[in-house]
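1. Need a 3D model of the following:
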Amino acid sequence: MARLIAAARSWARLLASRSERAKRAFHAAERHLGLAQYTVAQVAPCVIRPRPRKLTVAVTAYCNLRCIGCRYGRDFMPGQQLSLAIVKALLDDASAAGVETVRFYGGEPLLHPDLPTMIQYAIGIGLSPYITTNGLLLAQKIGSLFDAGLRDITIGFYGTGADYDAYVQRGDRYRRVEHGIAAVRDRYGAAVSMQLNYLLMRRSCNLESLHDAWRFAERYGLELTVDLIHYSLPYFTEGPDHELRFRPEDYPAVIAGTKAFAAQKNADPKRVKESMLSINSIPDWLLKGPEMRVPCDASKLIWVGADGTVQLCYAAFPLGNLHQRRLSTMVLGDAHRQAARDAFSLNCPHCHCERESRILKHVQSRRRYRTLADH
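-> Just a heads-up that it's a prediction; the model follows:
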């Protein structure tokens with residue numbers, strides 16, 4: 001059944017890829033189905049079942065930065081890296097379970113010597129791959145990645161110039177990131193889609209930094225999205241003295257930053273794909289933290305760590321380890337079903353991953369965030 005559903009979705013996505021009108025209709029139908037399911041699930045959670053669509057794989061825990069807010073490259077899964085054989089078997093099982101998109105990240109995925117082969121293999125079995133990178137090695141690696149079939153890249157971004165270097169705790173890194181992005185554009189132009197993931201934290205939540213990120217995205221033809229500083233993921237940290245986490249007194253800055261991002265979307269909606277409903281919810285996600293209670297749709301996710309750990313999502317619900325069992329023995333069974341329902345019911349650390357899809361599928365949130373107001 002999973003294969004039949006996956007085949008039907010693949011056919012629909014193929015049609016959508018050939019027509020902007022069909023693409024809009026496909027996504028609208030998905031939103032309406034999700035909204036209906038989540039409305040019913042609030043009184044009958046049994047309708048929530050795991051339907052994995054997105055696989056996130058930390059292929060390595062090695063990293064060439066030392067970001068203040070991240071433990072990769074230091075004390076989170078130190079020295080761990082997935083072998084090519086394990087990743088190939090993982091991709092085979094994920095595809096059979098209905099997964100459509102695979103995100104390769106780390107640590108820093110470009111440090112894995114087999115990343116081009118992994119991408120090529122994913123494409124060969126019908127998956128859509130993309131990578132999330134800090135961009136430091138793009139100039140050196142983009143040729144082999146492009147030849148392998150990679151066309152989608154997201155880039156973690158923490159400010160510009162000295163602000164970037166201070167956050168990653170390494171000198172002259174901002175210049176190298178910009179060089180890498182420029183190299184991709186110079187060599188392949190618009191054939192490679194790149195998205196800038198701007199991390200919104202206390203030190204980057206100001207109008208000057210947001211406008212600098214916007215100008216950077218415009219300069220290199222990048223899409224722009226805002227990632228929110230995490231408070232519940234095991235590999236994130238709030239920095240010394242919780243310096244990255246927002247506080248009640250930051251409310252004016254958060255509202256001003258959210259309004260600026262909304263204005264950027266209005267000015268250039270093709271660059272900012274996030275819905276206005278989701279953008280308007282940003283202050284609550286940042287300031288309420290774990291008290292933000294919007295049902296989670298992690299039922300569509302599978303997360304794999306560099307040590308082989310398999311979980312429903314980044315933050316919780318372990319299902320097993322690839323060094324002991326194949327993915328095919330972990331998914332779509334009783335434990336997976338219970339994890340999906342527990343995630344929906346927020347029996348978890350309450351992260352804000354997948355915030356846009358959660359807002360769009362939740363009737364109460366859709367009403368609440370029609371406008372940016374004093375929540």
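
2. residues in contact with residue 109?
-> 59-60, 115, 131-133 (CB atoms under 8 Å, 6 or more residues apart in numbering). The way it works is simple: take the backbone N, C-alpha and C, and place the C-beta from them, glycine included.

3. just checking, residue 152 touches residue 193?
-> Yes. The pair residue 152 / residue 193 is scored as a contact, 5.0 Å apart, by CB atoms under 8 Å.

4. who does the strand ranked longest in the chain touch, helix- and strand-wise?
-> Longest strand in the chain by number of residues, with DSSP state E as the criterion: strand 193-200. Counting contacts by 3 or more CB pairs under 8 Å, 6 or more residues apart in numbering; DSSP states H and E, strand 193-200 packs against strand 152-157, helix 173-188, helix 207-219, strand 223-228.

5. Ok, which of those comes nearest residue 97?
-> Evaluated with CB to CB, those place strand 152-157 nearest to residue 97, the distance being 21.6 Å.

6. Give me the distance between residue 61 and residue 105.
-> 11 Å (CB to CB, to the nearest Å).

7. which of the two has more neighbours?
-> Neighbours were counted for residue 61 and for residue 105 using other CB atoms under 10 Å; residue 61 has more, 24 against 20.

8. From residue 202, how far out is the more buried one?
-> 26 Å.

9. Residue 337 too?
-> Taking CB to CB, one finds residue 337 at 39 Å from residue 202.

10. what does residue 188 give?
-> Distance from residue 188 to residue 202, by CB to CB: 36 Å.

11. neighbour count winner among these two?
-> Neighbour comparison, residue 188 and residue 202: the larger count goes to residue 202, with 19 against 14 (by other CB under 10 Å).

12. quick one: low-confidence parts of the stretch 1-150 of the chain?
-> Flagging of the stretch 1-150 of the chain using pLDDT under 70 yields the residue ranges 1-20, 23-24, 26-27, 31.

13. Please enumerate the strands of it.
-> Counting by DSSP state E, counting those that start in this stretch, residue ranges of the strands within the stretch 1-150 of the chain are 54-58, 101-105, 128-133.

14. out of the ones you listed, deepest packed?
-> Most buried of the strands of the stretch 1-150 of the chain, by mean neighbour count (mean count of other CB atoms under 10 Å): strand 54-58, with a mean of 23.

15. Could you list every helix and strand that it packs against?
-> Checked by 3+ CB pairs under 8 Å, 6+ apart, strand 54-58 has helix 84-96, strand 101-105, strand 301-304 packed alongside it.

16. again, 6 Å this time
-> With contacts defined as 3 or more CB pairs under 6 Å, 6 or more residues apart in numbering; DSSP states H and E, strand 54-58 has these neighbours: strand 101-105, strand 301-304.
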